[in-house]
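Chemist: I need the structure of the sequence given here:
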Amino acid sequence: MEIVGIDVGFGFTKAYNGKNSVIFKSLIGDATDIQFRSLLGEDSSTSNLHITLEDKSYFLGSYAELQSNIREFTLDQEKLIEDFVKILAIAAAGVCTDTSAPINVVSGLPVGYLKRDSKKFKEMIRGVHEITFHSSDAKDITKRVHIDKIHVIPQPIGSIFNLIFDENGKIKDRGLATQKLGVVDIGFKTTDFSIFDHLQYIERGSSTMDTGISKCFSVIANKLRQESNINIELYRMFKFIESGMIKIRGKEYNISNLKKRVYNHTASAIASDLNRLWENDWDIDSIILSGGGSVELSEYLGPNIDGNVVPIGKNFDARFNNVQGYCKFGRYKWGYSKYLSSTRDEQKTKDAQAGEKNTMAQPVNNGDETVAEKQTKGLSWLRRQS
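Modeler: Sure, this is the predicted structure:
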């Protein structure tokens, strides 16, 4: 049974299966006929993402941004679940995995929407889906994505799982697992605050605030509109924010200083909410920053947060923190030994079809199976279906 972590965010959609990862903007556009295709430019699994799902054809991510006449993007949670989740999640799973066998999915929702939207989220993506990927060389590939079991958890806990579990779903840091941890997960639209004590979710100290990186983008975009009379869509702001420069109608605007002021103000607001929410949780051992927005705001957040803030690794894309944790937790939840067994069976089938001797599938040491079995009995609350 292959395990896939899927994270459909307002800014980006991510998926990870332990081997492959995919990320693209959560942007859906109409599919149009491209009269001429250049062989130059970006060439990746998501640069020309054109799919057909349920007899409807879409451009997704950067391809929609470049080529679609009608582009859909939302910051509304209900619309995201109803109109975006199925298309984006199935596409991400289809890019990430090649198996037609049933897969299990772990995903997350913001703390404030977990109870309300978990059931609907599962209904939207569970089942068998036929999806066709269209490529520029006209070689269409149709895949069968069969999502069997789905487990939905509070979004921020994925970052903790990413630190605690190894790639095989084994607990590698038991010390961290026994601490009281705070997570600040800064996404595109929302910021989630969550506390976990010995991996027990603490409702009292968990909340969702509508203070994501998109608010920073909105302030900067409004300022540019005042000066240039051009409305800039928020999903187009990423590359300009990163470079600190934007060219509008041939005129360059330096937004570096504006960005610093806006980021500092937003970080102060987030830190103020956090310090107020966790006022009585002075015994938190460590505070973990996560989410794509945390990289941008970390230097402004650190000095304003009361507590031991774990620094973010410089050579790591923090946008994958949660989704990698989802996958690792899935391997823990549905059994390490079962995962290995499934992998061995798939490899045996491939080797048999190729007429080769199976030299890759090695028997699992009985001792390892015993250890894995004991491990899966621990932290039983984590393994219950949500």
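Chemist: Residue 145 and residue 320: what is the separation?
Modeler: As judged by CB to CB, to the nearest Å, residue 145 and residue 320 stand 21 Å apart. For the C-beta atoms, the positions are set from N, CA and C on the backbone; glycine is no exception.
Chemist: remind me which residues of the stretch 101-250 of the chain are low pLDDT?
Modeler: Along the stretch 101-250 of the chain, segments meeting pLDDT under 70 span 138.
Chemist: contacting residues around residue 176?
Modeler: 160, 163-164, 286 (CB atoms under 8 Å, 6 or more residues apart in numbering).
Chemist: if we go to 10 Å?
Modeler: Residue 176 makes contact with 160, 163-164, 199, 285-286, 288, 310 under the criterion CB atoms under 10 Å, 6 or more residues apart in numbering.
Chemist: Which members of those are positioned in strands?
Modeler: 286, 288, 310 (DSSP state E).
Chemist: which residues touch the residue lying closest to residue 231 once chain neighbours are set aside?
Modeler: In space, and not counting its chain neighbours, residue 231 is closest to residue 225: 5.6 Å by CB to CB, 6 or more residues apart in numbering. Residue 225 is in contact with 231-232, 248, counting by CB under 10 Å, 6+ apart.
Chemist: Looking at the residues you listed, which is nearest residue 98?
Modeler: residue 232 (38.0 Å; CB to CB).
Chemist: Any chance of a markdown table for the ones in strands among the contacts of residue 176, columns neighbour count, distance to residue 262 and pLDDT?
Modeler: Output for these, formatted as a markdown table (neighbours: other CB atoms under 10 Å; distance: CB to CB, whole Å; pLDDT from 0 to 100):
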| residue | neighbour count | distance to residue 262 | pLDDT |
| --- | --- | --- | --- |
| 286 | 15 | 28 | 92 |
| 288 | 22 | 24 | 91 |
| 310 | 18 | 25 | 83 |
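Chemist: can you list those in a markdown table and add distance to residue 258?
Modeler: Shown next, in a markdown table, are the ones in strands among the contacts of residue 176 (distance: CB to CB, whole Å):
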| residue | distance to residue 258 |
| --- | --- |
| 286 | 33 |
| 288 | 29 |
| 310 | 29 |
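Chemist: just curious, which of these is nearest to residue 121?
Modeler: If you rank these by distance to residue 121 using CB to CB, residue 288 comes first, at 24.2 Å.
Chemist: Show the contacting residues for the closest one.
Modeler: 156, 159-160, 162-163, 176, 181-185, 194, 196, 294, 309-310, 312, 321.
Chemist: ok, now residue 21?
Modeler: Contact analysis of residue 21 by CB under 10 Å, 6+ apart lists 5, 14-15, 45, 92, 95-96, 317, 320, 323-324, 327.
Chemist: If we use 7 Å, what do you get?
Modeler: 15, 320 (CB atoms under 7 Å, 6 or more residues apart in numbering).
Chemist: What's opposite it in the beta bridge?
Modeler: Counting by DSSP bridges, residue 21 forms beta bridges with residue 16.
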